[in-house]
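Undergrad: sequence and predicted structure, then a few things I'm wondering about:
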Amino acid sequence: MNTEHVIRTFVEYFQDRGHRRITGSTLLSPPGDSVLFTTAGMHPLTPYLEGRPHPLGRRLVNVQRCLRTTDLDEVGDSTHLTVFEMLGTWSLGDYDGSRSIEWGHDLLVEGLEVDPGLLYATVFGGDERSGPDTDSLRTWQERGVPVELTTGENWWSNGPTGPCGPDTEIFVWTGEGPPQSTPTGDERWVEVWNHVMMRYRRGDDGTLGLLPQPNVDTGLGLERLVAVLQGKESVFETDLFEPWMRTVPSLWQLPEQPLRVVCDHLRSGIVVIGDGVLPSNTGRGYVLRRLVRRVLTTLWRDDPSRTLGDLPEELFRHTLDHFGQNGPSGRVREVLLDEELRFTRLLERGRHILSQPRFSTQLDEEDYSYLHDTHGLPRDLVLGLRGDALG
Ligand code: SER
């Protein structure tokens, strides 16, 4: 079952149940938003969850690309990616959470052929914010799915303020042999789908109030689900990364973890550029710059002659096509190569400046400020260069 098939099955299943597909899935968060990139499928829908009528109605479905830098250090394990996709559904004050769970369970078991014996759900057990989510508990029990009650793990919000609520998360067992333990007790339970009972709003003053309407917001991590469905141990072994894992290892010999980071960051970089961002020293452009420079630092550690110019055209096209970005791949390549050149020059300049006797001993805050303000050398770069020199 390849990725495109999973997406189509998901979208059509909900379209058959009255959901309209939202188009326009750019990574760029809406104007006026406090974060740089869309971090969850519900993110662009915040005003509608808060009560504004959506032009397409009360039942929506979407495939939303998201970017999270909070998980950057976890990229390279089997499930985390910088840019990932969420399949999402919304009931804007329409059907309730139990209906959402029933549809979700049916789709997983019948439409996507997940073995029902490999599922486990977690449900909100209640705390000072809200009572236990007995509706979700009962619905799962009626379906014969085992449930673990938690509090901290089963409350979803997109930030300190805004829509939030208790959630129920669906896990699939990915270990060898029969399932063991519970989702919080064994990492081989992989979370694939979150159904949030988005009834509340946390105000700027910290108080929790009811939203004008009770919503249901669900988000399913596409890459994780595909890995599970394809019986792969990591998202990097799925068809989404097939061209990457086929071509990059023969281009640059890297251990598994750095290889995954390089593929993830380059693929993310291509998507970010495809959505119209250019490298810069602030905002979105800075996130892009950091991704590209992390790749280059990794590549050059063993062999400074490696260049992004060697990346096969196939990787650009495959990525841009998958994300529905129709612009020319040549422009994306140019942006990456331009950034590579800038970074090369910056490193050359940095090495030259740091070779001065003044910087041969321990650096203090004044030195770091001087190097940054006068020569444009950020602290992490200086540390890297001195690490090279000293190490
Ligand atoms: N907002 C929830 C999440 O991101 C469900 O869509 O997990």
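TA: That came through, no problem. Numbers count the residues shown, from 1 in each chain.

Undergrad: what's the neighbour count on whichever residue of the stretch 251-391 of the chain sits closest to the ligand?
TA: The ligand sits closest to S268 of the stretch 251-391 of the chain, with a gap of 18.1 Å, by C-beta to the nearest ligand atom. (Glycine included, C-beta is placed from N, CA and C.) Close neighbours of S268, defined as other C-beta atoms under 10 Å, add up to 25.

Undergrad: can you tell me which residues in the stretch 151-300 of the chain are near the ligand?
TA: The stretch 151-300 of the chain has residues 156, 194, 196, 217-219 near the ligand, with proximity defined as C-beta under 6 Å from any ligand atom.

Undergrad: cutoff 5 Å now
TA: Within reach of the ligand by C-beta under 5 Å from any ligand atom, the stretch 151-300 of the chain has these residues: 194, 196, 217, 219.

Undergrad: quick one: residues contacting the residue of the stretch 251-391 of the chain closest to the ligand.
TA: 67, 81-83, 291 (C-beta atoms under 8 Å, 6 or more residues apart in numbering).

Undergrad: over to L210?
TA: Contacts of L210 by C-beta under 8 Å, 6+ apart are 199-201.

Undergrad: separation between it and the ligand?
TA: Per C-beta to the nearest ligand atom, to the nearest Å, L210 is found 18 Å from the ligand.

Undergrad: quick one: that residue is in a strand?
TA: Yes. Checked against DSSP: H, G, I helix; E, B strand; the rest coil, L210 lies within a strand.

Undergrad: which residue ranges of the stretch 1-150 of the chain form helices?
TA: 3-15, 46-49, 97-106, 134-142 (DSSP state H, counting those that start in this stretch).

Undergrad: low-confidence ranges in the protein?
TA: Along the chain, the parts satisfying pLDDT under 70 run over 24, 388-391.

Undergrad: OK, now which residue of it is nearest to the ligand?
TA: Closest point on the chain to the ligand, by C-beta to the nearest ligand atom, is G219, at 2.4 Å.

Undergrad: would you mind listing the buried residues in stretch 188-201?
TA: 189-201 (16 or more other C-beta atoms under 10 Å).

Undergrad: for stretch 212-228, that is, sorry about that
TA: Within stretch 212-228, the residues scored as buried using 16+ other C-beta under 10 Å are 213-228.

Undergrad: can you check stretch 249-264 too?
TA: 252, 254, 258-264.

Undergrad: reformat these as CSV; add secondary structure.
TA: Output for the buried residues of stretch 249-264, formatted as CSV (three-state DSSP):
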residue, secondary structure
W252, coil
L254, coil
P258, helix
L259, helix
R260, helix
V261, helix
V262, helix
C263, helix
D264, helix
